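K.L.:
okay, sequence plus prediction incoming.
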Amino acid sequence: MDASNPIIRLPPEKMPKNFLNMAAVMGYGLPLISPMTMQPATPEEALMIFPEGVVAQEMNFTDREIPIENELRAAYYYANRPTPMHRAFRLEKALGLEGDRVKIFFKNESVSPTGSHKTNTALAQAFYAKKQGIKAIATETGAGQWGSALAYACALFGIEARVYMVRASYRQKPYRGILMRTYGATVAESPSDLTDVGKSFLEQDPEHPGSLGIAISEAVEDVVKHNDTTRYSLGSVINAVLLHQSIIGQEAKMQMEMVKEYPDIVIGCHGGGSNFFGFSSAFLADKIDGKKDPTIIAVESAAAPKLTRGVYKFDYGDTGHVAPIAKMYTIGSAFVPAPVHAGGLRYHGAAMLVSMALDKGLISATAKKQTEVIEAGILFAKTEGFVPAPETCHAICEAIEQAKMANDNGEKKTIAFNCSGHGYFDMAAYGDYLDGKLPDYELSDEEIQESIAKIPSIEGFQ
Ligand SMILES: Cc1ncc(COP(=O)(O)O)c(C=O)c1O
């Protein structure tokens, strides 16, 4: 491979025919706990919230591969899959990496119609909802990437979308809201006065900045109140979403094989865990199967550091305590993070499968502050040409650090990261940085301990 031909394109017919079910690969079997009964959620309870195709996948702990239906594969082609993989020759050069010793590759999920990996699960969830005859989907969104992806997928499959968008992000990124409405979705600023949960937070503080945990509570309440027509979609965290995102890593592995490479270091940014785990799952499966031994790193925001400073406990998936309880790394479902630009990384918890992988030492985690990550994003934009989302900048920042370290130590390393999305709706973050106005937030141990202390004790499940 040389700089005149930096892009590895997978032939369309090679797009995976199956999702890779890491719950089966990892022997995962912990239940989701119902917030109503405090007992393992039954399929009936789950079916009140999610489409049945999603519930079947969520509770499948045995099949390593789960087929992707032809209609869904066709939707993926339409959404620009397989996505390209790039060798970042120009970034390598700017970092002064010597020869071919330290190499950087990235998978480019930013080429989807709405600009991120989120379409992979949005299309799947809208497809399963349509198959079941569901008329509307309610959801939350942080940065707006997920809401946009769901609005797009619902438009494609002819379903109504109702999106609760975290207020801090809604105001930082007004064009994301307009994009969702362009696809036909209705968008509410969360906390909103449309739900009881939203109203209760507005009573405490009419200017409440919102959080993903609160927006989830609002969307779930909407689903419970309109259960004859509506189901809920989640953009991350649950097993089914991580399953849909496994398409990224499966493609990436094949693309690296096409140029006779295998990553020593696999990196993804981490919000709820779906892009990180989706990108790393095929490599993690190799590690679990004893075939290879890559280092796999999740990069979170220092503003919501559940993997690096949280605890591994059963906790609620949302702030209003209407969503299921799961065992996860968490800094507490009551935690309201600072309004960093990487809105998609502001969630209080980590996916169950990511949490289990971290607990078993299969992966590691690190946290980054927003100034250093936007700086890395600017270098990436100047060299590779793509303007990354602030979330993605976290992965880029770590990839750069790992590359420099390997270079300084005289090591041979191949590094691969997932470019989870573009940042064209996030230019305010870049503007703030360029104008010297981008703040970094310090989170004290006391603040974290205070939030962790509020995690309810779920009897029999700790
Ligand atoms: C571009 C981008 N990357 C990453 C994430 C993090 O989400 P997750 O960890 O669930 O993949 C988000 C979330 O909104 C996002 O928009």
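P.N.:
Structure's in. What do you need?

K.L.:
show me where the stretch 251-400 of the chain has strands.
P.N.:
In the stretch 251-400 of the chain, the strands defined using DSSP state E, counting those that start in this stretch lie at 265-269, 295-301, 311-316, 325-330, 364-368.

K.L.:
deepest-packed of those strands, please.
P.N.:
strand 265-269 (a mean of 29; mean count of other CB atoms under 10 Å). The way it works is simple: take the backbone N, C-alpha and C, and place the C-beta from them, glycine included.

K.L.:
restricting to C-alpha, output that one in PDB.
P.N.:
The C-alpha coordinates for strand 265-269 follow below in PDB (Å, rounded to 0.1, in the frame of the first residue of the first chain):
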ATOM      1  CA  ILE A 265      -4.000  -1.500  18.700                       C
ATOM      2  CA  VAL A 266      -7.800  -1.000  18.100                       C
ATOM      3  CA  ILE A 267      -9.300   2.300  19.200                       C
ATOM      4  CA  GLY A 268     -12.900   3.700  19.400                       C
ATOM      5  CA  CYS A 269     -14.500   6.600  21.300                       C
END
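
K.L.:
what's it in contact with?
P.N.:
With CB atoms under 8 Å, 6 or more residues apart in numbering as the contact definition, strand 265-269 has outside contacts at 275-280, 283, 294-300, 342, 345, 391-395, 398-399, 402, 413-418, 420.

K.L.:
let's see it at 6 Å
P.N.:
By CB atoms under 6 Å, 6 or more residues apart in numbering, the residues outside strand 265-269 that reach it are 275-276, 279-280, 283, 294-297, 299, 391-392, 394-395, 398-399, 402, 415-418.

K.L.:
make CSV from the strands of the stretch 251-400 of the chain and add distance to the ligand and mean pLDDT to it.
P.N.:
CSV is the format used below for these (distance: least, CB to the nearest ligand atom, whole Å; pLDDT from 0 to 100):
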stretch, distance to the ligand, mean pLDDT
strand 265-269, 5, 98
strand 295-301, 8, 98
strand 311-316, 17, 95
strand 325-330, 13, 95
strand 364-368, 12, 98
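
K.L.:
CSV for the ones you listed, including distance to residue 53?
P.N.:
Below are the strands of the stretch 251-400 of the chain laid out as CSV (distance: least, CB to CB, whole Å):
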stretch, distance to residue 53
strand 265-269, 26
strand 295-301, 28
strand 311-316, 25
strand 325-330, 20
strand 364-368, 31
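
K.L.:
and the residue of the stretch 251-400 of the chain that's closest to the ligand?
P.N.:
Closest contact between the stretch 251-400 of the chain and the ligand, by CB to the nearest ligand atom, is at residue 344 (2.2 Å).

K.L.:
so that residue touches residue 392, yeah?
P.N.:
No - counting by CB atoms under 6 Å, residue 344 sits too far from residue 392 to count as a contact (9.4 Å).

K.L.:
shared neighbours, those two?
P.N.:
By CB under 6 Å, 6+ apart, residue 344 and residue 392 have no common neighbours.

K.L.:
residue numbers of this protein in contact with the ligand?
P.N.:
Near the ligand, the residues belonging to the chain are 116, 142-143, 145-146, 236, 269-276, 344-345, 389, 391-392, 420-421 when assessed by CB under 6 Å from any ligand atom.

K.L.:
correct me if wrong: residue 49 contacts residue 232.
P.N.:
Yes - the pair residue 49 / residue 232 is scored as a contact, 5.0 Å apart, by CB under 6 Å.

K.L.:
please enumerate the shared neighbours of those two.
P.N.:
Jointly contacting residue 49 and residue 232 under the rule CB under 6 Å, 6+ apart are residue 223.

K.L.:
what about the residue of the stretch 351-462 of the chain found nearest the ligand, how many residues nearby?
P.N.:
The nearest approach of the stretch 351-462 of the chain to the ligand comes at residue 421, 2.7 Å away (CB to the nearest ligand atom). For residue 421, the neighbour count with other CB atoms under 10 Å is 31.

K.L.:
now do the contacts for the closest residue to it other than its chain neighbours.
P.N.:
Using CB to CB, 6 or more residues apart in numbering and skipping residues adjacent in sequence, the residue nearest residue 421 is residue 116, 3.1 Å away. Going by CB under 6 Å, 6+ apart, residue 116 touches 109, 145, 420, 421.

K.L.:
go again with 7 Å.
P.N.:
Each residue near residue 116 by CB atoms under 7 Å, 6 or more residues apart in numbering is listed here: 109, 110, 145, 149, 389, 420, 421.
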